[in-house]
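In: The following block contains a protein sequence and its predicted model.
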Amino acid sequence: MNEQRETISIGEWKVLSRSGTLRTCGLGSCVCVVLYDDTYVHAGMVHIMLPDSNQARKTAFNPWRYADTALTLLHRELVNQGASNLQAKIAGGAQMFRHAMRQEYMQIGKRNVEAVTLWLEDAHIPVVAKDVGGACGRTVEFTLPTFTMHVRTASKTIKQI
Amino acid sequence: MEKDLLKEVANISTGFAATALSTLLQRQVAMNVPEIALHAMEDLPRLSAYHQEVCATVHAPIAGDVEGTMFFLTSMDTAVRLVKMVLPNVESDLDVHTYPLASSAFQEIGNIVIGSYVTAIGSLTSLTLYPLVTELTIDIGSAVLAEATYQLVEVDQFFLMETSMKVKNEEEGMEGFLLFIPNERAVAVLKRALERDRT
């Protein structure tokens, strides 16, 4: 069987079962959330950009860009596919720029992490591991069936969580 | 149609930016024909030539009549060599990562390139626009570019105006990328201003 490798970008998501790798790059203030079921060997990754879909000014917005709607959809998708006992690993939510950011998006990384954490708490999904905050961008890979998350930063160090 | 207008704007403003860089470095700088393309927002982190690599990036939100985001981006190697050109008498290792003089010199190069680009757009269109603030970031290219999505929250597609500039007669190419992402309203404003001048 060919090893499945999927790469997602901002506001995108992918679900994987049995074996393979889910990957996202370009993670600055955004947060990457992986929900997985380690008995059923099923995982879904989403790359979230903003904390709250109520901030969307348009009605036809992409729900995968916002923490609340993206997590609701990913959770439903995994449950529909047979997953239960979900756990989470999260990464991202850095502050890339100290100055050059519009006021309303200052601290957006921190707010993204808070929104994701709150949603997961409400859904009783434990956060098993996280690598969040700081000032550096990240590249994230999540591998099945080991459920390991590799987080690479500019300093070339790869953290396994 | 919009693309042609933006191409015209990019040609002139990139010319100004390349001239400014050339004056600063006292070397000839060649520019490539700017590329204008409409992209999906999801493409943004994949766009840069160095999107997987650590890059030196000067980033500036653009404000005024025309709003958008600009990036001046080079490889780490090019960044160090550019800094050596503007600080020829400094002996020490000019690592833009660790040496404050080197990082501010690189930021200044970015400021000048970005500043002359937006000034050129302003004089071409009689509109007012300026960099709000500039910031140097040394990080994975894709992660830096991805931050521009925060001015594109409500849109699905955006125009990217991209040019590369090369310092001539350098054996191993020294290349810098200049990226301008006007927001949706800015594209309309530029279009109106240019059409007004024609009539």
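Out: Happy to help now that I have it.
In: Okay, buried residues for the helix-or-strand element of chain B with minimal mean pLDDT please.
Out: Lowest on mean pLDDT, DSSP states H and E among the helices and strands of chain B sits helix B:184-198, with a mean of 83. Judged by neighbour count using 16 or more other CB atoms under 10 Å in any protein chain shown, the buried positions of helix B:184-198 are B:184, B:186-187, B:189-191, B:193-194. For every residue, glycine as well, the C-beta is placed using N, CA and C.
In: Need the contact partners of that helix.
Out: Outside helix B:184-198, the residues that touch it by CB atoms under 8 Å, 6 or more residues apart in numbering or on different chains are B:2, B:5-6, B:8-9, B:62, B:65-68, B:121, B:124-127, B:155, B:158-159, B:182.
In: what does stretch A:114-134 give?
Out: Contacts for stretch A:114-134 (CB under 8 Å, 6+ apart): A:31, A:33, A:35, A:48, A:51-52, A:67-68, A:71-72, A:75, A:86-95, A:109-110, A:113, A:138, A:149, A:151, A:159, A:161.
In: orientation of the longest helix along chain B relative to helix B:184-198 in degrees?
Out: Counting by DSSP state H, the longest helix found in chain B is helix B:100-125. Orientation of helix B:100-125 against helix B:184-198 (axes from the mean of the first three to the mean of the last three CA atoms, to 10 degrees) gives an angle of 50 degrees.
In: So which elements touch helix B:100-125?
Out: Helix B:100-125 is packed against helix B:2-25, strand B:54-64, strand B:68-75, helix B:76-86, strand B:129-131, strand B:135-140, strand B:174-182, helix B:184-198, with contacts defined by 3 or more CB pairs under 8 Å, 6 or more residues apart in numbering or on different chains; DSSP states H and E.
In: Counting neighbours, which bits of that helix end up buried?
Out: Buried residues in helix B:100-125 (16+ other CB under 10 Å): B:102-103, B:105-122, B:124-125.
In: how distant is that helix from the center of its chain?
Out: 8 Å (CA atoms, centre = their mean, to the nearest Å).
In: One more: stretch B:74-86?
Out: Offset of stretch B:74-86 from its chain centre (CA atoms, centre = their mean): 16 Å.
In: what does that stretch contact?
Out: Contacts with stretch B:74-86, where a contact means CB under 8 Å, 6+ apart, come from B:24-27, B:50, B:53-56, B:90, B:94-97, B:102, B:105-106, B:108-109, B:138, B:167, B:170, B:172, B:174-177.
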